[in-house]
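Enquirer: Would you be able to build a 3D model of this:
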Amino acid sequence: MDKQDIRWEQRFANYKKALAKLGEVATGRSIENLSDLEKEGMIQRFEYSFELAWKTLQDLLEYKGYTDIAGPNPVLMQSLKDGYITDEKQWRNMKKSRELTSHTYNSSTADDIAHDIVDEYYSLLKALEQRLEEERGR
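Expert: Modelled structure (predicted):
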């Protein structure tokens, strides 16, 4: 199979673009200096970055032969077991934050999640990017 035809690598390319967009707002500035609109944009970029993260992992796991693992929980658990991601607690927290952002809007919750994106989640997503780059190079 031609490398360009590998689904997880195609999704990974989109993940890297999304993560770069998230990084534009999640790094280099204090969260207190962001406007409400910038915070909302960062949260939205986090949402699609997280979705692409677990879906890229799902595609990778399928490529590796796991044909019966689908959905964020099973994908994240298998990815932890296989060493693609680390820090189970923070990934669970990130998934919970993602669920909160899509089902409710509360400015206090949004502020908490924005802080978590800057302080923790972005670095987890970046670590995944680095791990997947290693995998792609094999």
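Enquirer: how much space between the most centrally placed residue in the chain and residue 85?
Expert: The chain has residue 50 as the residue nearest its centroid, 3.0 Å off, counting by Cα atoms, centre = their mean. Per Cβ to Cβ, to the nearest Å, residue 50 is found 12 Å from residue 85. Every residue, glycine included, has its C-beta placed from N, CA and C.
Enquirer: The nearest residue in space to residue 135 that is not next to it in sequence: neighbouring residues, count only.
Expert: Using Cβ to Cβ, 6 or more residues apart in numbering and skipping the chain neighbours, the partner closest in space to residue 135 is residue 60 (6.9 Å). Look at residue 60: counted by other Cβ atoms under 10 Å, it has 24 neighbours.
Enquirer: phi, psi of residue 60?
Expert: Dihedral pair for residue 60: phi -60, psi -40, per degrees, to the nearest 10.
Enquirer: Could you check the pLDDT of it?
Expert: The model reports residue 60 with a pLDDT of 97.
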